[in-house]
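**Student:** sequence unknown, structure follows:
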């Protein structure tokens, strides 16, 4: 590909939902955007059902690498779609190698992809430990692997920014059991572990120009969440939905504003930040 003077962002999980909106926000803000997802073509998207839904069948959802690529390019940015499976370690490492080989740098890494396995929101005594282990692997260990693959390039180029999409479930007790407005411990525990990565990056590399933020998007009803159903039960417990485009606006600000460093070491609450922008 031809060289570009625009900074490069790598956004994971960007075929739909929060990741797609982040990718589009960055494209509109002057970034070339590499992005990952499992779904290559429109119509191929499948997700597991929500706990307690009474069905074991996967659910069809919109969104794909192809569609996101077209939308990014419509905004005048270069787009580099990369198929990546968060549960496949070699796939994660290969995604980083592909972006660095094609575009030579990553100025901004947005870890948005999340492993939603069938059963990872099961109740405590029903939880399959293998599902819990795979959830931890995808949502923590393989996210760590991607950071390990990208940080050396950031150090070599003189700096970079990482934004990790964390979750309130990591620090907040569920208000009800899974399926009744709460969430499963396999998922929340994996997000709690994931939430420790930004601080480790800052402790080791901030003085060399690489910084990391934890961004809590709030309660966002994505296409996948709406397709699974059950989001109204969460809203009924007092969780006000956040607009789907709000995390993208927050990421752009964290990556570009000279005031953003005051949020290092803190969890950035998207609704509050966006309301103040």
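**Tutor:** That came through fine. Just so you know, these numbers come straight off a predicted model, no measurement behind them. Residues are numbered from 1 along each chain as shown.

**Student:** the closest residue to residue 263 other than its chain neighbours - how many residues pack around it?
**Tutor:** In space, and not counting its chain neighbours, residue 263 is closest to residue 213: 6.0 Å by Cβ to Cβ, 6 or more residues apart in numbering. Backbone N, C-alpha and C define where each C-beta goes, glycine included. Using other Cβ atoms under 10 Å, the number of residues around residue 213 comes to 26.

**Student:** same check on residue 270?
**Tutor:** A count of neighbours around residue 270, defined by other Cβ under 10 Å, yields 23.

**Student:** surely it touches residue 250?
**Tutor:** Yes: Residue 270 lies in contact with residue 250 (Cβ atoms under 8 Å); the separation is 4.8 Å.

**Student:** overlap in contacts, the two.
**Tutor:** Counting by Cβ atoms under 8 Å, 6 or more residues apart in numbering, the shared contacts of residue 270 and residue 250 are 215, 217.

**Student:** before we move on, the earlier item: quick check: phi and psi at the residue nearest to residue 263.
**Tutor:** Per-residue torsions, residue 213: phi -120, psi 150 (degrees, to the nearest 10).

**Student:** any idea how far it is from residue 39?
**Tutor:** Distance of residue 213 to residue 39, given as Cβ to Cβ, to the nearest Å: 27 Å.

**Student:** now swap in residue 100 and tell me
**Tutor:** 23 Å.

**Student:** with neighbour numbers in mind, choose between those two.
**Tutor:** residue 39 (21 against 18).

**Student:** that one sits in which helix or strand?
**Tutor:** According to DSSP states H and E, residue 39 maps onto no helix or strand at all.

**Student:** quick one: residues contacting it.
**Tutor:** 15, 16, 45, 63, 64, 65.

**Student:** which one (most neighbours) among those?
**Tutor:** residue 15 (29 neighbours).
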